[in-house]
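# fold the stuff below for me.
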Amino acid sequence: MSTLRRFALIFGIVFLLAGIAGFIPGITMPHTHPDVIVTAGLGLVVGLFPVNVLHNLAHLLFGAWGLLAAKSDSAARIYGKTVAIAYALLTVMGLITQMNLHTAFGFVPLYGHDIWLHAGLAVVAAYFGFFHERDLPIDPGLRPR
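Numbers count the residues shown, from 1 in each chain. Sure thing, here's the model as predicted:
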């Protein structure tokens, strides 16, 4: 399996686990925020990361997409580019309280620890989506003896 495909597989699994964790009481602690209008499932995963039902569903969708994208290098690269752009946008939105951008207009919490987590995900995905070179086979003549 190529490094690109492995990236998509790992991100897919992590997103699926994050989406599932957001629905499990005990892993997700109750939380309130005056700017969030979709309060179903509103909580903090491991007491740190704000989520609600829509946020969890988005994680599940990105997770399923990652598993599907792991089937080919080209799909994994497109997945990386899309995750990078989407999560960079979510990072910026999480920093802006005007117009409730930090809650995606009240629908999805993007503030707090989600900001640095989204930034980190965007950076890693950008590497694989935009910069990672194709895996090349090692030339047997170049192997150390």
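
# for the chain, give me the ranges with low pLDDT.
For the chain, residues meeting the criterion pLDDT under 70 lie at 135-145.

# distance of Ala8 from Ala18?
15 Å (CB to CB, to the nearest Å). The C-beta positions use only the backbone N, C-alpha and C, and glycine is treated the same way.

# any idea where the strands of this protein begin and end?
28-30, 43-45, 49-51 (DSSP state E).

# dump the ones you listed to JSON lines, plus mean neighbour count.
What follows is the strands of the chain, written out as JSON lines (neighbours: other CB atoms under 10 Å):
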{"stretch": "strand 28-30", "mean neighbour count": "14"}
{"stretch": "strand 43-45", "mean neighbour count": "22"}
{"stretch": "strand 49-51", "mean neighbour count": "23"}
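
# as JSON lines, the ones you listed with distance to Met1 would be great.
As requested, the strands of the chain are exported to JSON lines (distance: least, CB to CB, whole Å):
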{"stretch": "strand 28-30", "distance to Met1": "32"}
{"stretch": "strand 43-45", "distance to Met1": "29"}
{"stretch": "strand 49-51", "distance to Met1": "29"}
